[in-house]
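Participant: Need coordinates for the following:
(chains A and B)
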There are 2 protein chains.
Amino acid sequence: MRKLIILFGGQSYEHEISIVSAISLHKAIAAQCAFVFLSPDRRFYLIDLIDMKAEYFANGRYRKSVELFLARGGFERKTLFGRTPIDGDVVVSVAHGADGEDGKLAALFEFYGVNYVGPRLEASALSFNKLFTKFLAAAAGVKTLPYQTIRRGDTITIAYPFIVKPLRLGSSIGVSVAKDESDLSYAIDMAFEFDDEAIVEPFIADVLEYNLAGCKTADGWRLSAIEQPQKKELLDFEQKYLDFARDGKVKEAALPSETAEALREAFRKIYSQGFDGALIRCDFFVLDGEVVLNEINPIPGSLANYLFDDYETTLNALIDSLPRSREIAVTYNYIRSIRSAKGKL
Amino acid sequence: MRKLIILFGGQSYEHEISIVSAISLHKAIAAQCAFVFLSPDRRFYLIDLIDMKAEYFANGRYRKSVELFLARGGFERKTLFGRTPIDGDVVVSVAHGADGEDGKLAALFEFYGVNYVGPRLEASALSFNKLFTKFLAAAAGVKTLPYQTIRRGDTITIAYPFIVKPLRLGSSIGVSVAKDESDLSYAIDMAFEFDDEAIVEPFIADVLEYNLAGCKTADGWRLSAIEQPQKKELLDFEQKYLDFARDGKVKEAALPSETAEALREAFRKIYSQGFDGALIRCDFFVLDGEVVLNEINPIPGSLANYLFDDYETTLNALIDSLPRSREIAVTYNYIRSIRSAKGKL
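Facilitator: This is a model prediction of the structure:
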């Protein structure tokens, strides 16, 4: 039987929800798991199952766990005479936010040849930035809301009410709605607390919102139920935190079949822009009957297990379909041919 | 005095030109340097100055050099009782193509807290992909040529003559011009040899081409001379290889001052899309008096030393201005507050 390495943590504003997410993901699957924690100071630790409680991390006791090091092919621990690999077949990352979703961990895994479930480098870097997400959606032919990117001091040209988000964050952190000028400075300060750039979009009250997760496997698409999330003006971080701990099942949204299919088609288009190897969740609006991409979650909370009836089957199918990096053969033919033509270099 | 670590190689189609680039860069500067080679199988080696010859890599003798390992703060070598850091203050990367320019090395350096000259993760991932380079230019307000991205089997809608390029490569590898249908299958095969996606653009014979390199430092912009590269339909890899070995100085192109200023302004706009920390070269066309971005080279051959009169001063000013990553403090406040509100998690 396959052993998964659930990776979580990271130097990220979403560090804490990642812990919750790892605990919830583990509850949702039967597979044997190892747990690797990435500490805020970017050290890896092998965590025993018995220690997989939020408290163990909050009080710093994780530092007593075995430290791991990333090396060719996977994680290693120190031994008396060197280093030895830890047991595990594939990394499943729930490191939300920076490190996990911005492309750093993807780059490390690709560099060291580690098999992993999660967005690849390019898809991470693009979807972590809300401006580039717009570009990605445009390339996919999927609509998004109008927007303006701002730096401190810029004049906002979008009409009230609008929503201000840090350019590079997930999980609603630093996001707020400005209904009129009295909300403006708070919304701006909030966003710039987390990034030097922000994105502003019109805020549409009572918008129809739908979430859909899935992945592409060797056998084809595996898409989740479509969820209509509970109406809230905005999930704050604490609500979101609890949201990441979800492991119950959701009710399929009541939707005309054409709308459901339009949502699935938009999902497939977005996913096809380089998300192979990841299980992602797309959050859509439906506006005047049209599907509009709101956000891509390339590593959704607890890997969106609660959206699937057959979650573990889906995860296993994805693991069996992970993309292989193109191996580049270096031949030194040019150096040789130029040396023979020109003498020594 | 500062010691630079010149990093080169990588698992990349541009591995060989990277070796030449490192040798040329070293010739162009007086600073003390260490040389770190990234082998095709992604091991790091510390190379003695005396071995910095193309032959040493082509014949595999580099494997006898000291192997290095990336760790917190920089490179380490094995010692009898553990590992010890190597000497060097800042990494200057001339790892062209994959690994170096696609964001993997940037991610590694950011993750391990290594000081480096080169494009950051996000700028790398974007500029390594010629489609996202178009988006980046659009965000910067700089024109590019019309284009079409294709996968194998797609019909090309751009009129002959056109140029076909692999979507994710530099250095003219896999690039060819199709003058009419008889060139088509060769051009297509050539591009798909290196990537699963390609980009097609109109080919404009005798287009005016200008190259400009530079960086932003704490003291402001430092831009190179504007070069009008020698007219060639297309540099093939061998010509390009020799091009990467350049260390002579170039003649400033004869240009009306408004055109020169328009080129510099376009450069500054592109660079401002996240290239802080890098010394990049932009290759522009001037079409009907308008500046059009052709390519961004986030790590140009031999770091474009030949374009500058005061190269080492520029490089040092850049090293003094490297961007600092935002440090994210993880407080565990949410875990604590939720625990106290809800009992154990």
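
Participant: secondary structure element for whichever residue of chain A sits closest to chain B?
Facilitator: Across chain A, the shortest distance to chain B (Cβ to the nearest Cβ) belongs to residue A:107, at 3.2 Å. C-beta coordinates here come from the backbone N, C-alpha and C atoms, glycine included. Assessed by DSSP states H and E, residue A:107 sits inside helix A:104-112.

Participant: tell me, what residue is most central in chain A?
Facilitator: In chain A, the residue lying closest to the centroid (Cα atoms, centre = their mean) is residue A:299, at 2.5 Å.

Participant: In a helix, it, correct?
Facilitator: No: assessed by DSSP: H, G, I helix; E, B strand; the rest coil, residue A:299 does not belong to a helix; its assignment is coil.

Participant: for it, what are its contacts?
Facilitator: A:93-96, A:100-101, A:118-119, A:278, A:280 (Cβ atoms under 8 Å, 6 or more residues apart in numbering or on different chains).

Participant: What subset of these is buried?
Facilitator: Among the contacts of residue A:299, those buried by neighbour count (16 or more other Cβ atoms under 10 Å in any protein chain shown) are A:93-96, A:100-101, A:118-119, A:278, A:280.

Participant: Alpha carbons of the longest strand seen in chain A, as CSV, please.
Facilitator: Ranked by number of residues, the top strand in chain A under DSSP state E is strand A:208-217. The C-alpha coordinates for strand A:208-217 follow below in CSV (Å, rounded to 0.1, in the frame of the first residue of the first chain):
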residue,chain,number,x,y,z
LEU,A,208,-24.4,33.9,-6.9
GLU,A,209,-21.3,32.0,-5.9
TYR,A,210,-20.3,28.4,-6.7
ASN,A,211,-17.3,26.3,-5.8
LEU,A,212,-16.1,23.4,-7.8
ALA,A,213,-13.0,21.3,-7.3
GLY,A,214,-11.3,18.6,-9.3
CYS,A,215,-8.4,17.3,-11.3
LYS,A,216,-7.5,15.7,-14.5
THR,A,217,-6.3,12.1,-14.4
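
Participant: How many residues are close by the nearest residue to the residue of chain A closest to chain B once chain neighbours are set aside?
Facilitator: Distances taken as Cβ to Cβ, 6 or more residues apart in numbering or on different chains place residue B:107 nearest to residue A:107, at 3.2 Å, with adjacent residues excluded. Residues near residue B:107, counting by other Cβ atoms under 10 Å in any protein chain shown, number 27.

Participant: Let me know the distance separating residue B:107 from residue B:92.
Facilitator: As judged by Cβ to Cβ, to the nearest Å, residue B:107 and residue B:92 stand 17 Å apart.

Participant: try residue A:126
Facilitator: With the distance defined as Cβ to Cβ, residue A:126 ends up 27 Å from residue B:92.

Participant: Compare those two (neighbour count), which wins?
Facilitator: In this view residue A:126 and residue B:92 are compared by other Cβ under 10 Å, and residue A:126 has more residues nearby, 28 against 25.

Participant: Quick check on that one: phi, psi?
Facilitator: Phi and psi for residue A:126, reported as degrees, to the nearest 10, are phi -70, psi -50.

Participant: does the closest residue to it other than its chain neighbours sit in a helix, a strand or a coil?
Facilitator: With Cβ to Cβ, 6+ apart as the criterion, residue A:126 has its nearest non-adjacent residue at 4.4 Å, and that residue is residue A:132. With three-state DSSP as the basis, residue A:132 sits in helix.

Participant: Would you state the helices of the stretch 51-200 of chain A in chain order?
Facilitator: Here the stretch 51-200 of chain A has its helices, by DSSP state H, counting those that start in this stretch, at A:54-58, A:104-112, A:121-128, A:130-140, A:181-192.

Participant: winner for burial among those helices?
Facilitator: helix A:121-128 (a mean of 28; mean count of other Cβ atoms under 10 Å in any protein chain shown).

Participant: what packs against that one?
Facilitator: Applying 3 or more Cβ pairs under 8 Å, 6 or more residues apart in numbering or on different chains; DSSP states H and E, one finds that helix A:121-128 makes contact with helix A:104-112, helix A:130-140, helix B:121-127.

Participant: For those, give me a markdown table that also has mean pLDDT and distance to residue A:228.
Facilitator: Shown next, in a markdown table, are the helices and strands packed on helix A:121-128 (pLDDT from 0 to 100; distance: least, Cβ to Cβ, whole Å):
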| stretch | mean pLDDT | distance to residue A:228 |
| --- | --- | --- |
| helix A:104-112 | 97 | 31 |
| helix A:130-140 | 93 | 21 |
| helix B:121-127 | 95 | 33 |
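
Participant: I'd like to know which of those is closest to residue B:38.
Facilitator: Checking these against residue B:38 by Cβ to Cβ gives helix A:104-112 as the closest, at 9.5 Å.

Participant: Spit out the contact partners of the residue lying closest to residue A:116 once chain neighbours are set aside.
Facilitator: Taking Cβ to Cβ, 6+ apart, and ignoring the residues beside it in sequence, residue A:116 has residue A:91 as its nearest neighbour in space, at 4.1 Å. Applying Cβ under 8 Å, 6+ apart to residue A:91 gives the contacts A:4-5, A:7, A:36, A:74, A:109, A:114-118.
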